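Novice: Need coordinates for the below:
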Amino acid sequence: MRQWPFDGREDALARIAGDFAGRRIHAVLLPAPAGAGKTRLAREALRQLGRRRLWIAATRAATAIPFGAMVPLVPDDLPPTAGDAATVRAIRARVAAWGGREAVAIAVDDAHLLDSASATVIAQLVAGGRAFVLLTARTGEPLADCLARLAADGVARVLELPPLPEAVLDRLIDHSTGGTVDAARRRSLRAGSGGNPMTLWELLHGAVPGGLIELVASRLKSLDAGTRAAVETVACGEPVPLGILEKLAGSAVVAAAEESGLLVCEEYAGQVQVRLEHPLHGEVLRERMARARARQIYRSLAEHLIATPLRRREDVLRAALWQVESGRVVRPDLVREGARHAVGCGELALAERLAGAAAQAEPGAEGAWLLAEILEYQGRGDEAAALVSPDPPARPAERVRWAAIRARSLYWGQGDLAGAMRALDAAGAHPAITASRASLLFFCGQSAAAAGLARAVLDRHDSDPQAQVWAAAVATGALGFLGRLEEAEKARMHGSAIAEAHAAALPLARFEMETGACLAHLAAGSPAAAGAIAAAGRRGPEAGEASVPGSVWALLGGLAALAAGGPATADRLLAEALTGLERADARRLRRLASAALAGARALRGDDRTAGELMAAADRLEDGTNEIFEPWIESWRAWVARAAGDGDSATSYARRAADRAAAAGQPAVEALALYDVARLGGAADLDRLDALEGPLPDALGTAARALATGDAAGLGRAAGLLDALGHHLHAAELATAAAHTLRVAGRRGPAGLVAAEAVALRAKCQDARTPMLDDLDLGDVLSVRERQVALLAVRHTSKQIATRLGLAVRTVDNTLARVYTKLGISGRGQLRSLLTAADQPQDAG
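Specialist: Just a heads-up that it's a prediction; the model follows:
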């Protein structure tokens, strides 16, 4: 712990310093769980208090020795035969001689371990104002009455230490790991630590001798048999319904365990649930529990829960998991239902485990198909295909499900489109089969055909909910790519209503609908709406730690940020997505993620990494997901431009436009055609004019204004594209407009437009493109403002004031004007802006 910086307790430190500076409070009591940082806080505070400082550590070994903790305060000349009263008087006199409360600060660590004589001395020092005292104590442990009364008497403050917030935990994680922890692991560490820094340390570095794990183990070892049984039961099944726990352990035992602080009762969804007070208690108990004992507990839990009506969805998942953990599955149907529920929560590893146990307990097609679906969700199509017979079942109803599962496993697992279509052909014209065929056609880049088939399913009255959701998701995405966003939204509303109504039976329906909607908005040129959908998805229940849905939402969020012109945000999200997809890639999206990340790195000027990522994407090409090829070619163009190959860049952009045109993607085609102009080539204005929609119209205006040097047209196009969420395009156009006006000698209007360009550029993080290089901050800032701004990148206000012969306040006021004019909030953004503006890319 000593290797970590002091972080997250600054407010508490300030409160303590304030109490010491005042006169009313003579002591501060810091009660907190083990490992919460109370000792570190007390040490940091003591360093700032008084002229005479003393640290006293109470220990369990010294508890039986009167004045055992007071040895540092006992005068050297006190006779060994002195009685208790004489010892107390001698200590009081010695401390008083040091200068009293304004000069003396004493910290007592683990005050709950003080012997009664030592506690009395400390209480008298506080009550008499002879010293300012800090007391740390572990919550749940009894504190001597004389110390506890200090707060009631108004001379001491109780200062609670809340769990550390996520931002602080992230900084501590980064300090220990150098920032190498991915988002999934980071979420796991935050949750597992419960905001406790020592727990976080041990999760990161492993248990240390004498650390929190040994402390917890020691506490649990001292429990009586009944209480330990209750706590072990909760450790295995938490949260456990209170009613079940009371039946198993007895209400008196449960009440005593709650009173001791080991168990916590909370109301959730109208039912009282019991959990352990700290996550680490469960880790220690489960790790040290005999396997036979654990199975016995799970068997009892499962038996009692299965005997209830199982009204809540989580009841089913618990009943499934507890059966599997007990080693005896008595209700395979519940275990299969629990597996489906786990899928809906994004817990695919758990879902696989449950489905496998159910299939083993009750062999047959139903169990095998469920397991195959779950394996396919995790990107393990080969394993899924092995569980599904190549020959269709005889019964028509079974044949439909067989065909849908086999088609997906063949296409996504082996890239075998022909085999997938043959499997669907064997099942006839059932709505679910038509919807499955539409899905494959969509990902093959045939949006018009996919939308037509999906519409046919949606129009049929005999379509089951699963077929309706599949069709609606396909229709939503396909119509978006076709530029028919209004129709796409109608299909989304239809499918979302069905997904909501059948959430239990169709756990991934909401995810399927919303990913279709996100793709629709991306393809139609609405990155802000796509980003909002992705952000909501990342907060959803299925986007759990290390889950396939979580990786997909990170990917889609990154694509939205990239389209909007935020390469730094895109970089972070796409890197997270790529890490997740390397673990499980259900829809072969790693190629898309790698190519998109290459595009983000290219926009940030990192040509080497961009080239490596694009090469990696090319190695993953397998004939699937042709729908995304135009995007990939567009990013390839920017990778070439970052490497200084302007001719190849414009060639790739034209190829992206041709592929988009062939696939019927008007907004994607328009962006690719316009990229030709952004990359230094001549855009095909006739093709742009022929495309319909708000985005093609705005891009056509922009391309024509660039070609003719029309400053007013550039400004209009900038406003249109900014409103559509394409901030980088807008910033480039405003920069071009300012440059055009400046070249024409119209410096006044040029300055106004340049100010707009700077404001737009602030939305684009650290993007670097050829058209941004023409921005001249001299059009926005005065000579003195630019001088101070450039110095502020590397110097403090005081250093700038000394260098320019100004007052520090003058420097700060000048910087405030600079921030206002540039639409930024501090030196970090200023540094990014000026560095990008003063380091143009190669001409190419």
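Novice: Could I get the full set of helices for the stretch 151-300 of the chain?
Specialist: 166-177, 183-193, 197-205, 212-221, 225-237, 242-249, 251-259, 279-288, 291-306 (DSSP state H, counting those that start in this stretch).
Novice: any chance of those helices in TSV, plus distance to Thr810 and mean pLDDT?
Specialist: The C-beta positions use only the backbone N, C-alpha and C, and glycine is treated the same way. Below are the helices of the stretch 151-300 of the chain laid out as TSV (distance: least, C-beta to C-beta, whole Å; pLDDT from 0 to 100):
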stretch	distance to Thr810	mean pLDDT
helix 166-177	34	87
helix 183-193	43	82
helix 197-205	43	78
helix 212-221	53	64
helix 225-237	64	90
helix 242-249	66	94
helix 251-259	63	90
helix 279-288	53	75
helix 291-306	71	95
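Novice: what's the span of stretch 98-114 from first residue to last?
Specialist: 23 Å (C-alpha to C-alpha, to the nearest Å).
Novice: what's the angle between the strand or helix carrying Asp11 and helix 166-177?
Specialist: Assigned by DSSP states H and E, Asp11 belongs to helix 10-21. Helix 10-21 runs at 100 degrees relative to helix 166-177, counting by axes from the mean of the first three to the mean of the last three C-alpha atoms, to 10 degrees.
Novice: May I see the buried residues of helix 10-21?
Specialist: 12-13, 15-16, 19-20 (16 or more other C-beta atoms under 10 Å).
Novice: same question, stretch 283-293
Specialist: 283-285.
Novice: for those, which one is nearest Ala660?
Specialist: Sorting the buried residues of stretch 283-293 by how near they are to Ala660, with C-beta to C-beta, puts Glu283 at the top with 52.2 Å.
Novice: and the gap between that closest one and His521?
Specialist: Distance, Glu283 to His521, by C-beta to C-beta, to the nearest Å: 43 Å.
Novice: I'd like to know how many residues surround the closest residue to Ala230 other than its chain neighbours.
Specialist: Among residues not flanking Ala230 along the chain, Ala249 sits closest, at 3.8 Å (C-beta to C-beta, 6 or more residues apart in numbering). Neighbour count for Ala249, taken as other C-beta atoms under 10 Å: 22.
Novice: Can we start the residue count at 807 from this point?
Specialist: Shifting the count to begin at 807 puts that one at Ala1055.
Novice: ok now do Ala1055, which residues does it touch?
Specialist: For Ala1055, the contact set (C-beta atoms under 8 Å, 6 or more residues apart in numbering) comprises 1032, 1035-1036, 1039.
Novice: now swap in Pro1373 and tell me
Specialist: Neighbour list for Pro1373: 1367, 1406-1407, 1409-1410, 1570-1573 [criterion: C-beta under 8 Å, 6+ apart].
Novice: coming back round to it: can you name the secondary structure element that comes next after the helix holding Asp817?
Specialist: strand 833-838.
Novice: Can you name every helix or strand that that next one contacts?
Specialist: helix 816-827, helix 844-852, strand 938-944, helix 951-958, strand 962-964 (3 or more C-beta pairs under 8 Å, 6 or more residues apart in numbering; DSSP states H and E).
Novice: Pull the distance from the helix or strand where Ala1607 lies to the chain's centre.
Specialist: Following DSSP H and E, one finds Ala1607 within helix 1603-1610. Helix 1603-1610 sits 41 Å away from the centroid of its parent chain (C-alpha atoms, centre = their mean, to the nearest Å).
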